[in-house]
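[1] sequence first, predicted coordinates after that:
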Amino acid sequence: MNAKEKDIMIYGLGLEEERALEVIPETKTPELTRKRTKQYKFLRAFVETGGIIQQALRDTKIPHNTYKNWVRYDQVFLEAMEKAKLDTIILLEGEVVRRGYQGYYEPVFFQGQEVGKIKKFSDQMLKLRLCRLDPSYKEGPVTNIGVQGADVKISFIDPKS
């Protein structure tokens, strides 16, 4: 793989299928070229669906057994799949930041009619992002107990730490 191929992040960015053949090498026969083109389409769909394999297979009309064979026997596909997973993580992290930090709009309804939108933020999304950036923010097991209508948070501390 040359430097140009390493620098290209192809999945989800709308590059032509011919470019996929540059990134997924070893296209020596027409049959192999068709296979690599199918794999490229699948990998793009995989990223676009947020990493949902079944949806990507459905969108590209690729049988599940074909995918399983690629995973079992095609090392080049496995390497491309790892790149696609990393690209999916990048896209999903962008969505996590958007929902947690920038917020998102949720419709407001009155008597069955949409009357406006309200901007909401997701604390959980921020927590997920913070835990990924700094693992020390991860909590141990937590149990919520209802006490006269109020939630009480109990954290169990590991005696070894």
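    Noted; the coordinates are in hand. Numbering: from 1, shown residues only.
[2] what about the strands in the protein?
    Under the criterion DSSP state E, the chain carries strands at the ranges 104-110, 113-120, 142-147, 150-155.
[3] compare the mean pLDDT across those and name the weakest.
    Looking over the strands of the chain, mean pLDDT reaches its minimum on strand 142-147, with a mean of 52.
[4] can you show me the helices along this protein?
    3-7, 17-23, 30-48, 53-60, 64-73, 75-97, 123-133 (DSSP state H).
[5] need the winner for burial among those helices.
    helix 30-48 (a mean of 19; mean count of other Cβ atoms under 10 Å). In this view, the C-beta of every residue, glycine as well, is placed from N, C-alpha and C.
[6] please name every helix or strand in contact with it.
    Packing partners of helix 30-48 (3 or more Cβ pairs under 8 Å, 6 or more residues apart in numbering; DSSP states H and E): helix 17-23, helix 53-60, helix 64-73, helix 75-97.
[7] between helix 75-97 and that helix, find me the angle.
    Taking axes from the mean of the first three to the mean of the last three Cα atoms, to 10 degrees, one finds that helix 30-48 is oriented at 20 degrees with respect to helix 75-97.
[8] would you single out the least confident of the helices of the chain?
    helix 3-7 - the lowest mean pLDDT of the helices of the chain, at a mean of 36.
[9] can you lay out the helices and strands packed on helix 30-48 as JSON lines showing distance to residue 114?
    Converted to JSON lines, the helices and strands packed on helix 30-48 look like this (distance: least, Cβ to Cβ, whole Å):
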{"stretch": "helix 17-23", "distance to residue 114": "40"}
{"stretch": "helix 53-60", "distance to residue 114": "28"}
{"stretch": "helix 64-73", "distance to residue 114": "39"}
{"stretch": "helix 75-97", "distance to residue 114": "23"}
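[10] among these, which is nearest residue 126?
    Closest to residue 126 of the helices and strands packed on helix 30-48 is helix 75-97 (Cβ to Cβ; 8.1 Å).
[11] counting contacts, what elements does that closest one pack onto?
    Short answer (3+ Cβ pairs under 8 Å, 6+ apart): helix 75-97 packs on helix 30-48, helix 64-73, helix 123-133.
[12] which of those sits closest to residue 97?
    Closest among those, once you apply Cβ to Cβ, is helix 123-133, at 6.1 Å.
[13] which other residues reach the closest one?
    93, 96, 97, 99, 100, 101, 137, 138 (Cβ atoms under 8 Å, 6 or more residues apart in numbering).
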